[in-house]
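A.B. asks: coordinates only, no sequence provided:
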């Protein structure tokens with residue numbers, strides 16, 4: 001069956017796309033990407049004669065562009081920021097393509113949450129601090145309610161996507177102790193990456209002072225400032 005390739009672009013640094021993803025990008029006939037999220041350097045790497053910025057496109061228009069080109073025998077790459085499985089809205093695209101007789105192949109990408117951990121030079125799971133990672137988002141225009149309070153009661157490491165512009169709401173909602181370390185990582189792995197650290201008690205003021213209001217991940221938990229962790233048994 002004819003297929004469309006869904007490729008994870010990685011967090012921003014063009015070198016962090018996978019080898020398979022880059023090869024597909026280079027041989028694509030049609031490249032569809034979200035201009036506001038994908039590094040332009042990656043778009044420039046593609047030799048596709050047709051490049052379409054999907055920003056502002058509605059789902060039917062997007063599906064038609066992918067399906068018609070794939071059914072015409074062209075190699076179509078749908079480039080998603082980060083990894084497509086996290087807040088990528090790909091299932092509705094997969095279903096829509098299937099209705100048009102088009103299959104998909106997904107090439108995973110490096111999520112920005114891993115780029116944020118690299119920027120912090122830490123582990124998201126750390127023995128003696130937290131063996132659990134929670135990935136979530138705050139309520140907003142496309143989500144009526146969230147589970148920040150309930151999830152925070154586990155005391156695990158929490159990574160919050162799509163929440164930099166709602167930092168005060170996130171801090172107010174979670175139920176960690178006020179001295180819990182927090183980091184706001186802007187544009188993880190991009191050339192203009194910035195990291196602001198603090199605690200739940202002061203991170204809003206610090207992020208505001210740094211001018212960070214969007215395109216950032218929020219990392220909450222002891223792994224931000226590792227202290228009192230237990231050594232792994234791997235190297236005992």
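C.D. replies: That came through, no problem. The structure presented is a predicted model; accordingly, all values stated were derived computationally and were not measured.
A.B. asks: check residue 205 and give its pLDDT.
C.D. replies: Model confidence at residue 205, given as pLDDT, is 97.
A.B. asks: counting contacts, what elements does the helix ranked longest in the chain pack onto?
C.D. replies: Determined from DSSP state H, the single longest helix within the chain is helix 59-71. Helices and strands touching helix 59-71, as assessed by 3 or more Cβ pairs under 8 Å, 6 or more residues apart in numbering; DSSP states H and E, comprise strand 3-8, strand 30-33, strand 76-80, helix 91-99. Quick note: C-beta positions are derived from backbone N, CA and C, even for glycine.
A.B. asks: if we go to 6 Å?
C.D. replies: Helix 59-71 makes packing contacts with strand 76-80 when contacts are defined by 3 or more Cβ pairs under 6 Å, 6 or more residues apart in numbering; DSSP states H and E.
A.B. asks: outside of the strand it packs on, which residues touch it?
C.D. replies: Strand 76-80 is contacted by residues 4-9, 24, 28, 30-33, 38, 66, 69-70, 88 when judged by Cβ atoms under 6 Å, 6 or more residues apart in numbering.
A.B. asks: check stretch 215-224 too.
C.D. replies: With contact meaning Cβ under 6 Å, 6+ apart, stretch 215-224 is reached by 112, 116, 122, 124, 126, 129-130, 157-160, 163-164, 181-187.
A.B. asks: same question, stretch 39-52
C.D. replies: 9, 12, 14, 25-26, 28-33.
A.B. asks: now the end-to-end length of that stretch.
C.D. replies: For stretch 39-52, the first and last residues are 14 Å from each other (Cα to Cα, to the nearest Å).
A.B. asks: also stretch 198-205?
C.D. replies: 9 Å.
A.B. asks: how about it: buried residues?
C.D. replies: 198-200, 203-204 (16 or more other Cβ atoms under 10 Å).
A.B. asks: coming back round to it: next, the buried residues of the longest helix of the chain.
C.D. replies: Within helix 59-71, the residues scored as buried using 16+ other Cβ under 10 Å are 62-63, 65-67, 69-70.
A.B. asks: tell me the mean pLDDT over that helix?
C.D. replies: Rounded mean pLDDT across helix 59-71 is 97.
A.B. asks: and that helix with helix 91-99, angle?
C.D. replies: Angle between the axes of helix 59-71 and helix 91-99 is 50 degrees (criterion: axes from the mean of the first three to the mean of the last three Cα atoms, to 10 degrees).
A.B. asks: now what about helix 59-71, what contacts it?
C.D. replies: With contact meaning Cβ under 6 Å, 6+ apart, helix 59-71 is reached by 2, 4, 30, 54, 76, 96-97, 100, 102.
A.B. asks: would you point out the most distant pair within those residues?
C.D. replies: With Cβ to Cβ as the measure, no two of the contacts of helix 59-71 lie farther apart than 2 and 54, at 19.8 Å.
A.B. asks: between these two, which has more neighbouring residues?
C.D. replies: residue 54 (21 against 16; other Cβ atoms under 10 Å).
A.B. asks: check contacts around the more buried one.
C.D. replies: When contacts are counted by Cβ under 6 Å, 6+ apart, residue 54 touches 32, 34, 62.
A.B. asks: can you lay out those residues as TSV showing distance to residue 220?
C.D. replies: Output for these, formatted as TSV (distance: Cβ to Cβ, whole Å):
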residue	distance to residue 220
32	34
34	27
62	34
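A.B. asks: what are the boundaries of the strands in the protein?
C.D. replies: 3-8, 30-33, 50-53, 76-80, 103-107, 133-136, 157-160, 181-186, 194-199, 216-220 (DSSP state E).
A.B. asks: quick one, which of the ones you listed gets closest to residue 150.
C.D. replies: Using Cβ to Cβ, the nearest of these to residue 150 is strand 133-136, at 10.0 Å.
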